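**Q** pasting a predicted model and its sequence here:
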Amino acid sequence: MLKTLASFASLDSRGGCPYVRSFTLLLVNAEIIAVGSELLTPYRQDTNSLYLTEKLNELGVEVRFKCIVGDDAEGLTAAAKLAMRRSDIIIFTAASAPRKMM
């Protein structure tokens, strides 16, 4: 999707008559996939995606989807394939502790 931003005036190279310029930004969306079986319990919260959403929004990126996937390769693969079909940017995040995929 494209969005044309407000036009702005500037002077030509000779300092003469102002002319109008406009530019178009490509709007992008993002999806955040949080990985970790511990995030699927009532004891841990996914705070990483909240932080990432804030920072992406500041950059003008709309976060349209968030997903939490347990520590299994099949579920992670399925989530990644779906994300690739519907999102321009995909960010994977996990807890800082190393994990073993089952």
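**A** Nice, I can see it. Fair warning: this is a prediction, and the values are worked out from it, not measured in the lab.
**Q** going forward, measure contacts between C-alpha atoms and count neighbours the same way
**A** Will do.
**Q** other SSEs contacting the longest helix that the chain contains?
**A** Secondary structure assigned by DSSP state H gives helix 73-86 as the longest helix of the chain. Applying 3 or more CA pairs under 8 Å, 6 or more residues apart in numbering; DSSP states H and E, one finds that helix 73-86 contacts strand 29-35, strand 62-69.
**Q** what's the angle from that helix to strand 62-69?
**A** Between helix 73-86 and strand 62-69, the angle comes out at 170 degrees (axes from the mean of the first three to the mean of the last three CA atoms, to 10 degrees).
**Q** ranking the helices and strands packed on helix 73-86 by burial, who's on top?
**A** Among those, strand 29-35 has the highest mean neighbour count (mean count of other CA atoms under 10 Å), at a mean of 22.
**Q** now what about that one, what contacts it?
**A** With contact meaning CA atoms under 8 Å, 6 or more residues apart in numbering, strand 29-35 is reached by 46, 48-49, 61-71, 76, 79, 83, 87-95.
**Q** what mean pLDDT does it get?
**A** Taken as a whole, strand 29-35 has a mean pLDDT of 96.
**Q** that strand: partners in the sheet, and parallel or antiparallel?
**A** Next to strand 29-35 in the sheet, as set by DSSP bridges, lie strand 62-69 (parallel), strand 89-94 (parallel).
**Q** pull that strand out as CSV, backbone CA atoms only.
**A** Output of strand 29-35 as CSV, limited to C-alpha atoms (Å, rounded to 0.1, in the frame of the first residue of the first chain):
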residue,chain,number,x,y,z
ASN,A,29,3.5,-4.0,8.4
ALA,A,30,5.2,-6.3,10.8
GLU,A,31,4.5,-9.5,12.7
ILE,A,32,6.2,-10.5,15.9
ILE,A,33,6.7,-14.2,16.8
ALA,A,34,7.6,-14.8,20.4
VAL,A,35,9.2,-18.2,20.9
